[in-house]
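Asker: What follows is a predicted protein model with its sequence.
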Amino acid sequence: MTAEADRGKTEARKYNEAKLASLYDECYDKIARYIFVRMGSRAEAEDLAGEVFLKALEALDSYKERGIPMQAWLFRIAHNIVVDHLRKSAKRQTVPIDTVPVVTNLDPVTTVEKNIEMEKVTAAMKQLTPEQSHVVTLRFFGGLTAGETGSILNKSDGAVREMQRAAIEKLRKLLVIDDKSWG
């Protein structure tokens, strides 16, 4: 390898390291929240989120921009780590959506009303297909775009948007029916 090629690899590595460092600050909480919703344990979510960035750093030389943002690549790593972890643990834990912390300055009445709503959403989410639930989790808890979600799930943007639409439609129907039974 020539000195120029070595220098080019080193510069690319430094650029990707800087990008990964900035994404750590920007995405760590999103990735930890995504893992938490899938795993059900805050401690495990934080450990696995750290592992995501460690694996990304180890694989940084193999990362190439192919129209997929590095953030989506990180969520793909997170997805794979969660799948591997669940496979190893043999029992799958889920977390009710209402246990995901939401920072708020609302009064207690509003907080209680929101908690009741989250209980309804949690119950409704359990009635979605696993793929629909995964799309909703990535899109709304992970904050990813349809394209980023599609790259993680190996689906097209359109397929992700369709799964999201179907999931939201099903949730709306379930929640409307549920509202009538609560009243």
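Answerer: Done, it's in.
Asker: elements contacting the biggest helix by length in the chain?
Answerer: Longest helix in the chain by number of residues, with DSSP state H as the criterion: helix 3-39. On a contact count with 3 or more Cβ pairs under 8 Å, 6 or more residues apart in numbering; DSSP states H and E, helix 3-39 meets helix 42-58, helix 70-89. Just so you know, the C-beta spots here come from the backbone N, C-alpha and C atoms, and that holds for glycine as well.
Asker: Just list what the first one packs against, helices and strands only.
Answerer: Packing partners of helix 42-58 (3+ Cβ pairs under 8 Å, 6+ apart): helix 3-39, helix 70-89.
Asker: separation between Arg66 and Ala78?
Answerer: 19 Å (Cβ to Cβ, to the nearest Å).
Asker: more crowded one of the two?
Answerer: Ala78 (28 against 7; other Cβ atoms under 10 Å).
Asker: these two touch, right, that one and Leu48?
Answerer: Yes. Using Cβ atoms under 8 Å, Ala78 makes contact with Leu48 at a distance of 7.3 Å.
Asker: Give me the mean pLDDT for the strand or helix carrying Gly150.
Answerer: Element membership of Gly150, judged by DSSP states H and E, is helix 146-153. Averaging pLDDT along helix 146-153 yields 85.
Asker: Centre of the chain to that helix, how far?
Answerer: Its chain's C-alpha centre and that of helix 146-153 lie 10 Å apart, by Cα atoms, centre = their mean, to the nearest Å.
Asker: what packs against it?
Answerer: Partner elements for helix 146-153 (3+ Cβ pairs under 8 Å, 6+ apart): helix 70-89, helix 130-136, helix 157-182.
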